[in-house]
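Colleague: generate a structure from the sequence data that follows.
(chains A and B)
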Protein chains: 2
Amino acid sequence: MSQSATTAALKIIPLGGLHEIGKNTCVFEFQDEIILLDAGLAFPTDGMHGVTIVLPDMTYLRQNRHKIKGMIVTHGHEDHIGGIAFHLKQFDIPVIYGPRLAMALLQGKLEEAGVADRTELRTVQPREMVRLGKNFLVEYIRNTHSIADSFSVAIHTPIGVIIHTGDFKFDFTPVDGECFDLQRLAEHGEKGVLCLISDSTNSEVPGHTPSERSVFPNLDRAFSQAEGRIIFTTFASSVHRLSMALELAQKHGRVVSVLGRSMLNVIAHARQLGYIRCPDDLFVPLHMMHKYPDHQVMYLTTGSQGEPLSALTRISKGEHNKIKIRPGDTVILSAHPIPGNTIAVVNMIDRLMMQGAKVIYGREQGIHVSGHACQEDQKLMLALTKPKFFLPVHGEHRMLVKHAQTAQSMGIPPENMVIIDNGDVVELTRDSIRVIDKVPAGIELLDRGGIVKAHVLQERQQLAEEGIITVAVAVGTDGSLKATPEVHLRGVVTAIEPQAWQAWVHATVETALSDRWSEYTRNGEVDWAGVKAHIERELVRLVRRELQGNASVLLLLQPIEVTPTVTTGIRRRRSTTSVVG
Amino acid sequence: MSQSATTAALKIIPLGGLHEIGKNTCVFEFQDEIILLDAGLAFPTDGMHGVTIVLPDMTYLRQNRHKIKGMIVTHGHEDHIGGIAFHLKQFDIPVIYGPRLAMALLQGKLEEAGVADRTELRTVQPREMVRLGKNFLVEYIRNTHSIADSFSVAIHTPIGVIIHTGDFKFDFTPVDGECFDLQRLAEHGEKGVLCLISDSTNSEVPGHTPSERSVFPNLDRAFSQAEGRIIFTTFASSVHRLSMALELAQKHGRVVSVLGRSMLNVIAHARQLGYIRCPDDLFVPLHMMHKYPDHQVMYLTTGSQGEPLSALTRISKGEHNKIKIRPGDTVILSAHPIPGNTIAVVNMIDRLMMQGAKVIYGREQGIHVSGHACQEDQKLMLALTKPKFFLPVHGEHRMLVKHAQTAQSMGIPPENMVIIDNGDVVELTRDSIRVIDKVPAGIELLDRGGIVKAHVLQERQQLAEEGIITVAVAVGTDGSLKATPEVHLRGVVTAIEPQAWQAWVHATVETALSDRWSEYTRNGEVDWAGVKAHIERELVRLVRRELQGNASVLLLLQPIEVTPTVTTGIRRRRSTTSVVG
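Modeller: The predicted structure follows:
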């Protein structure tokens, strides 16, 4: 290396995942080399009308694409791999390393998006070391999380070792027996960790996160008590939970039909890779389920968050064409609502109950646990790795603050940590950590049609709040009205009949034209922009007067060429100018 | 009475407040007499674009207005009195009884709406009995709740005593010293209660609701630790909480400025009626606050739910013209987010923290308690009143179910209770309770402009999701295009330039006209509806082809009269028919 040890600096630039839960995307840059850690997506929040996917702004990586040596994937959740297919349309990534399950899920996404040829996917094993460029050597350290095959990583850089926890909890009794590799963490702690970058999701929650296995006896009890059919839902990616549900179905003599594309996909890959083990004949196609008595049936379905189009939501609304709730059905909701989904979930529960289902839900049932470390677990991570510097990530601002307070309580001085936002450029040296710059890190919103720009979202918001009144007016080059103005109200609150609006608009336009026409003509030339602005002003005035609320007004003006003819009209005719394209 | 004792029946018809938290409105009907208990409003939920207020459908009361003898108000919360001013525009209510604070707040609402003359407001005292019509004698029983001056009621009817709890908790150490009148409840229990109608809000929560007073030491600690200014927020109607905040301001030597219309209103009335006691000079106008050092200042503000227009939300966004957050400020959030508001609240907390404020929030701080009874309190209510029949109200469906399960665990047989929905007509006799009918009980949505009908909401939803493409076309009676079609895109996601849209639409319309014009004319008459439908179809086809997503298409067609002239055109001219109004 050309730089001396003391001045050598690593840049850490999160493009997503800070001040939010979602779209985790982190850049590590050393001299002319960049590696990426994960590239996820987020889901739209309130007011993002029509938006289906939220991605980080990738300007920085587009501009520095020549530096990209590869990507490290920690696990297969959407908020860690869901953005990759979109980014590959903008720039190549020479190689992507990741665990088998994540790579299997990613492969499908890349093929579907037609970008599988823009990168190379390579699977890794626990404790495997992979080299990216000259400056990065990345070691995969098995961790425990709510999806199978998840990893933390130790990134060996010229200035020292950085531990990035990925998403984690400490589950000492994991369902699949794959234990957190505490020994590697401890060894790094012993040798010296320059910086710990750690998951802050549950930093506001005291105590320890219970083991995934702790839900098993509670689910078992629910299965025991179910008399009719069981409808079981959880996050599609919760491989361990799905594994337990399938084990319980076998134990209680129930066949299983799986509903929902993402769940079918995860189960297929997890079975293929051995993370879920169960016989083929456990599964029965949906259209064959009626052959089994109710107490031998389980449906495994998406929709644990009350997603509008999910199978469970449609079932709860009586809109599913195959499954109608009947008394005796037990619905097991093995997931808590994510904030923002609460209303959708409780409404779904109510609808299911009203149709006669017994619904098992809520914290007291003990049928769901988090996949993320709570405060005491976060302390264990800090205690094992003993980092010099600390960077809390994967969380909203107050969670990062809380995580930093936890780290401070364990002796890390405040000057050895930074609380950052997406786009902040963190400069890490052997002796210091600080924010030195900011790169673009806004959001890109996608709907089915493409990128939703900010002004489009504003227009949608305004349309949603007040609706729109559209008026078409055909005006002759002589200032005469050539047709009855056409008026259309959409999304507008008014007690006034359409005919009345029609008449008022007609009168308003006529008056506007006859009062001021002469002002907008000069030497036979018509100032159509002026005419339009004038009529528009008068229409807005009309709407303000007649509506208690408000509505956007859109005027479409059609200038009509009028050939001068001999008439007895009072108005003086002007020579015609062509106004039509 | 003409009916025999055994056949006499009381109808109980909730028009709001069931399968929801909000717009509590209950009808009691005996023969030709109706009394109402409360008439509240609800706030809009997701997808109710532009809606500000949700009210119950009042068809049943409009139709039976001649039977209405009066209304009983239990307390002054918006979800119990907020609908009254709107209903009085539809029908008179001869008299409204209620506690002093509720009547003071209601008086203001009625005056503002200009309907104060449509009823008579009468304040009641604890244990006061009021007669309504021949059949109803209502006894006001002091209870404890999060607003001061709250009541349960015993409704004496010809078939027996009905206890309606109103909203309640059992607070044995109320802030204002006004204790729950357990003695009256117990006496009714001893004499015999035919039916208990009880608050189900917290029926999913085990245990007891803590006393309002329990938050005092925790707030006191927060005040002690605050070094700079304090910004305190809670529900505007939480009189006891406000009272404590003001007491603590005095104790810690801080002057107070109150922000937010509803909070100013509640504090003014509560002080006037003696529910809040503090000296006048505690309050300082906003523009004078800069004269005091930071540690002698407290702002008391609305916005505890992250409401977009509230002072605190604007402060958090740096958009308040008087108050900018500075390091050292302490924001005390003495309220939990209501489900549905969580995202707005946590985002607000994050923004406040990012600007340097210390924010005190969250359950572990012990600075908020609920105003509603939990499971053990609900049991105490059942134990004191020993009702024969039980009707759980004030809750979403699953809360009603849970409350009924609690009642069943105390020995009330399932056939002695019903779980109902808004509009259900419950027939209560001395021997039975059952649902016998259903009356209209939908919702009415209001925005600033008036009633938002269902189709308007659907239009708004569609506009919000995909935007709208508007096209104006002027077509001559000879089938010629009389002007360049005008195209306008609003809220539409497209990477295509406006000029390209313009050209495509122009070409599409021209082709549509030249291809099919002859089909739409007969004997010189133009089938304009047919022409319009045809062009519209072609435009929709264009949009489907060119947009990945979708967009509504609106075509405004202007038929232009063309006077036949001698031309060299190929097209055969027809005689002109007038198409303009």
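Colleague: strands of the stretch 151-300 of chain A, start to end?
Modeller: A:160-164, A:193-199, A:230-233, A:255-259, A:297-301 (DSSP state E, counting those that start in this stretch).
Colleague: could those go into JSON lines alongside mean pLDDT, mean neighbour count and distance to residue A:120?
Modeller: Backbone N, C-alpha and C define where each C-beta goes, glycine included. Formatted as JSON lines, the strands of the stretch 151-300 of chain A follow (pLDDT from 0 to 100; neighbours: other CB atoms under 10 Å in any protein chain shown; distance: least, CB to CB, whole Å):
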{"stretch": "strand A:160-164", "mean pLDDT": "98", "mean neighbour count": "23", "distance to residue A:120": "22"}
{"stretch": "strand A:193-199", "mean pLDDT": "98", "mean neighbour count": "26", "distance to residue A:120": "26"}
{"stretch": "strand A:230-233", "mean pLDDT": "98", "mean neighbour count": "28", "distance to residue A:120": "36"}
{"stretch": "strand A:255-259", "mean pLDDT": "97", "mean neighbour count": "20", "distance to residue A:120": "31"}
{"stretch": "strand A:297-301", "mean pLDDT": "98", "mean neighbour count": "25", "distance to residue A:120": "34"}
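Colleague: which one, of those strands, ends up nearest to residue B:509?
Modeller: Of all the strands of the stretch 151-300 of chain A, strand A:255-259 sits nearest to residue B:509, with 45.6 Å by CB to CB.
Colleague: re the thing from before, redo the strands of the stretch 151-300 of chain A as a markdown table? Include distance to residue B:556.
Modeller: Shown next, in a markdown table, are the strands of the stretch 151-300 of chain A (distance: least, CB to CB, whole Å):
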| stretch | distance to residue B:556 |
| --- | --- |
| strand A:160-164 | 57 |
| strand A:193-199 | 55 |
| strand A:230-233 | 47 |
| strand A:255-259 | 45 |
| strand A:297-301 | 46 |
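Colleague: go through those strands and name the closest to chain B.
Modeller: Evaluated over the strands of the stretch 151-300 of chain A, closeness to chain B peaks at strand A:230-233, with 16.2 Å, by CB to the nearest CB.
Colleague: show me what the closest one is packed up against.
Modeller: strand A:297-301, helix A:311-316, strand A:330-333 (3 or more CB pairs under 8 Å, 6 or more residues apart in numbering or on different chains; DSSP states H and E).
Colleague: I'd say residue A:442 and residue A:54 touch.
Modeller: No - counting by CB atoms under 8 Å, residue A:442 stays clear of residue A:54, with 10.5 Å between them.
Colleague: more neighbours: these two, which one.
Modeller: Between residue A:442 and residue A:54, residue A:54 has the larger neighbour count (other CB atoms under 10 Å in any protein chain shown), namely 23 against 12.
Colleague: what sits opposite the more buried one in the beta ladder?
Modeller: residue A:42, residue A:445 (DSSP bridges).
Colleague: I'd like the domain boundaries of chain A, if you could list them.
Modeller: By the assignment in the TED database, chain A contains the domains A:10-208+A:370-450, A:212-360, A:467-560.
Colleague: what is the end-to-end distance of the second one?
Modeller: To tie it back to what came earlier, the one meant is domain A:212-360. 18 Å (CA to CA, to the nearest Å).
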